[in-house]
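Trainee: Sharing a sequence plus its predicted fold:
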Amino acid sequence: MFKKILVPVSGTEADVETVKLACRLAKKDKGKVWAVSVVTIKRALPLDAEIDSEIKKAEEILDKAEAVAGEEDYEIETDVLQAREVGPAIVDEVVERGVSLILMGIAYKQRFGQFSLGNVVPYVLKNSPCPVILYQQ
Amino acid sequence: MYIIIVGGGRLGYYLMKALLKEGHEVLVLEKDARICKTITDELGSVCFRGDGCEAATLAEVGTGRADMMVAVTGDDEDNLVACQVAKHKHNVPRTIARIRNPRNAVLFKKLGVDVTVNTTDLIIEVIEHEVPTHPVTQLLTLDEKGLIIVDVRISPESSSVGKTVKDLSLPKESKLALIIPNEGNAHVPVAHTVLQAGDQIIAITPSENKEELEAALGGM
Amino acid sequence: MNILIMGCGRVGARLASLLDEDGHKVTILDNDTYSFRRLQPSFGGTALFGNGTDEDSLKKAGIEDADVFVALTQGDNRNVMACQIAKHVFKVERVVSRIYDPLREEMYNALGLETISPTKIFAQLLREQIEGKE
């Protein structure tokens, strides 16, 4: 049913579960799974600036995702994206690759003492052209 | 180029779209959260919520590497301050401000704004062009030289019909550059060129001599 | 001295009365006549309706003869613009502007305006009061 699944990963514990789940969903139809990590670039720098420390961090997060997929005995592709904001970067990637499902993990978060979904999830839910599964740790 | 636009109103919005299309890196600064959301939903990460007059906001969006700042909010004073902060605090090489009060053009230049765009004057120019009783239309201002390029229509009642160029008492420094007749090709006028009813003349003149030129061409 | 004040808020109205009492010739400008209710009944200066960022209004308020111009509206930017008009167009000898935003205040101060940031001063005062009473 879902031939192309995109899993945005950010280094939280939820990554393990979402990558696992994506592999299991894709296995049936031999679908593709992409794990992507977004490096955000501050406006003070041009968009194509290369911040080695951030890129390294993103690659480590993706290595972990690949290891989890390995445990599930499934091969996935990984990508580092560079953007100003995470939400639009994910949606652009989805459109470009013709993704059929986004599988996102989030951790329960509080901001100013209140439950908060952050900026990324609402943006993706509002603007995604394909179904989205949200997994809260 | 990295261009920062202050104000996400209609002018800012369409300006941004045009500049994005030309391939520039563009960022709109807008105070209103709702407008920011609308822009971001439609065009992605090209809008930042914040006050474009605040030095801290401008620092955060990397104004220091901006090539140009265009302030197009509805308030002249906000546009002035945004440009001044960009110029003096962040060394932006080129600042452009929209103004509503035409008299602010001189003041803003004096205060360091590189270019002012006056929406009131623009509309007046269009009206002048559209209303046939007004024979002289200002086409372009050459600021540094104090010259303007105007378009003059010679009506059949005009006193200059049938006169040669050398017989016209043109004001000092005014030159006729081109005559576009009703029929036939445009030509560069010489001393013995005779003016005809229906001619359209492109002329260049010091801005203070505009009315004298109009009188010399029998416009009034 | 001839003193022109723009903005008849609490601070503007109070300052106008104080300077009036000291014997100065005070004119106060506001773009809402309702603001003039804040002036004390004893105020002997002139209260005038007008926009302080408009050269004609400023002329009508007598800026050409003013020795001091004070900008006290709620808008930092309006204050800054009015003061620059007073200084650079009308060559008023002293111009003083209230600027709430401390960063903008520092910048315009560096550009040669006399500026006061109530934000900075008030926070400092409160800190001294709180720490001093410990």
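Mentor: Sure, I can see it. Numbering: from 1, shown residues only, chains lettered A, B, ... in the order given.

Trainee: Show me what from chain B comes close to chain A.
Mentor: Residues of chain B lying near chain A by Cβ under 8 Å from any Cβ of the partner chain: B:2, B:25, B:27, B:40-41, B:44-45, B:48, B:59-62, B:64-65. Yep, even glycine has a C-beta here, placed from its N, CA and C like the rest.

Trainee: and residue 100, how many neighbours does it have?
Mentor: Unless you meant another one, I'm taking chain A. For A:Ser100, the neighbour count with other Cβ atoms under 10 Å in any protein chain shown is 17.

Trainee: ah, no, chain B please
Mentor: Neighbours of B:Arg100 under the rule other Cβ under 10 Å: 12.

Trainee: these two touch, right, it and B:Asp78?
Mentor: No: B:Arg100 lies out of contact with B:Asp78 (Cβ atoms under 8 Å); the separation is 11.1 Å.

Trainee: Among the residues of chain B next to chain A, list the two that are farthest apart in space.
Mentor: Greatest spatial distance among those (Cβ to Cβ): B:Asp41 and B:Gly64, at 28.6 Å.

Trainee: Filter the residues of chain B next to chain A down to the ones in strands?
Mentor: B:2, B:25, B:27, B:48 (DSSP state E).

Trainee: So the last one versus C:Asn109, what's the distance?
Mentor: Counting by Cβ to Cβ, to the nearest Å, the gap between B:Phe48 and C:Asn109 amounts to 27 Å.

Trainee: who's more crowded, those two?
Mentor: Comparing B:Phe48 with C:Asn109 by other Cβ under 10 Å, the one with more neighbours is B:Phe48, at 21 against 15.

Trainee: Quick one: residues contacting that one.
Mentor: B:Phe48 makes contact with A:43, B:27-30, B:36, B:57, B:60-61 under the criterion Cβ atoms under 8 Å, 6 or more residues apart in numbering or on different chains.

Trainee: and if you look at A:Ser10?
Mentor: With Cβ under 8 Å, 6+ apart, A:Ser10 has these contacts: A:37-38, A:61.

Trainee: ok so, going back, please pick the buried ones from the ones in strands among the residues of chain B next to chain A.
Mentor: By neighbour count, with 16 or more other Cβ atoms under 10 Å in any protein chain shown, those hold B:2, B:25, B:27, B:48 as buried.

Trainee: Mind listing what's buried along stretch A:115-126?
Mentor: A:120-121, A:123-124.

Trainee: Could you do stretch B:160-177 as well?
Mentor: B:160-161, B:163, B:165, B:168, B:170-171, B:174, B:176.

Trainee: So C:Met57 belongs to a helix, correct?
Mentor: In this structure residue C:57 is Ser, not Met. Yes: assigned with DSSP: H, G, I helix; E, B strand; the rest coil, C:Ser57 falls within a helix.

Trainee: Run a quick neighbour tally on the nearest residue to it once chain neighbours are set aside.
Mentor: In space, and not counting its chain neighbours, C:Ser57 is closest to C:Gly50: 3.5 Å by Cβ to Cβ, 6 or more residues apart in numbering or on different chains. When neighbours are counted by other Cβ under 10 Å, C:Gly50 registers 16.

Trainee: Please list the residues outside the longest helix along chain C that contact it.
Mentor: Of all the segments assigned as helix in chain C under DSSP state H, the longest by residue count is helix C:118-132. Outside helix C:118-132, the residues that touch it by Cβ under 8 Å, 6+ apart are C:98, C:100-102, C:105.
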